[in-house]
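> how would this look folded up:
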Amino acid sequence: MDTILVDTGILYAIADCDDAWHERVKTFLESGASRLLVPVSVIPEACYLLNTYIGAEAEKSLLEGFIREEMHLEPIGTAEIRRALQVMERYADANIGFVDASIVAVAERRKVKRLLTTDRRHFSMIRPKHCASFELLP
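Have a look, this model is predicted:
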């Protein structure tokens, strides 16, 4: 089964029916053709956004999805933090933050080329070590 890394925007979009990406993300996820991998660094950002803009129930629903293994968590360690800092420094002019940079680090370690993201601006400019560019979905 193909592995796809999931970014914060996707976790928000699926929960917010009014989000511009909601229908595209929903349709993609309903296909169920891939193993969805979420770097643990994404969780605090997603929980904050869900709780702030939708409410506590949306935040709890996300966490329950991990318990049900609808998506799989990927740990990060010192090596990924080191690589994330390198990415943040390399793309400082674009203000690539830690969460996006940590996704790059996990993608490189796991050799994942496909990202499920709403962030086309940042991820289209990043040149990962393991491939020429990321395939951005949906």
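
> could you pull out the strands for the chain?
2-6, 34-39, 72-74, 114-116, 135-137 (DSSP state E).

> want to throw those into JSON lines with distance to residue 108, mean neighbour count and mean pLDDT?
No exception for glycine: its C-beta is placed from N, CA and C like everyone else's. Shown next, in JSON lines, are the strands of the chain (distance: least, CB to CB, whole Å; neighbours: other CB atoms under 10 Å; pLDDT from 0 to 100):
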{"stretch": "strand 2-6", "distance to residue 108": "11", "mean neighbour count": "20", "mean pLDDT": "94"}
{"stretch": "strand 34-39", "distance to residue 108": "12", "mean neighbour count": "19", "mean pLDDT": "93"}
{"stretch": "strand 72-74", "distance to residue 108": "12", "mean neighbour count": "15", "mean pLDDT": "96"}
{"stretch": "strand 114-116", "distance to residue 108": "12", "mean neighbour count": "21", "mean pLDDT": "96"}
{"stretch": "strand 135-137", "distance to residue 108": "15", "mean neighbour count": "14", "mean pLDDT": "96"}
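
> nearest approach to residue 124 belongs to which of those?
Closest to residue 124 of these is strand 135-137 (CB to CB; 6.5 Å).

> which strands or helices does that closest one pack on?
strand 114-116, helix 120-125 (3 or more CB pairs under 8 Å, 6 or more residues apart in numbering; DSSP states H and E).

> where in this protein is pLDDT low?
1 (pLDDT under 70).

> need the outlier residue of it, farthest from its centre.
In the chain, the residue that sits farthest from the middle, by CA atoms, centre = their mean, is residue 93; the gap is 21.2 Å.

> what sits against residue 73?
For residue 73, the contact set (CB atoms under 8 Å, 6 or more residues apart in numbering) comprises 37-40, 43, 66.

> now with 7 Å, please.
Listed by CB atoms under 7 Å, 6 or more residues apart in numbering, the contact partners of residue 73 are 38, 40, 66.

> can I get stretch 117-129 in PDB? Just the C-alpha atoms.
Once non-C-alpha atoms are left out, stretch 117-129 reads as follows in PDB (Å, rounded to 0.1, in the frame of the first residue of the first chain):
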ATOM      1  CA  THR A 117      -1.500  19.000   1.800                       C
ATOM      2  CA  THR A 118      -3.400  22.300   1.200                       C
ATOM      3  CA  ASP A 119       0.000  24.200   1.300                       C
ATOM      4  CA  ARG A 120       1.000  24.400  -2.300                       C
ATOM      5  CA  ARG A 121       3.100  27.400  -1.800                       C
ATOM      6  CA  HIS A 122       5.600  26.000   0.600                       C
ATOM      7  CA  PHE A 123       5.800  22.300  -0.400                       C
ATOM      8  CA  SER A 124       6.100  23.100  -4.200                       C
ATOM      9  CA  MET A 125       9.300  25.100  -3.600                       C
ATOM     10  CA  ILE A 126      11.000  22.600  -1.300                       C
ATOM     11  CA  ARG A 127      13.500  20.300  -3.000                       C
ATOM     12  CA  PRO A 128      13.800  17.200  -0.800                       C
ATOM     13  CA  LYS A 129      16.900  15.100  -0.700                       C
END
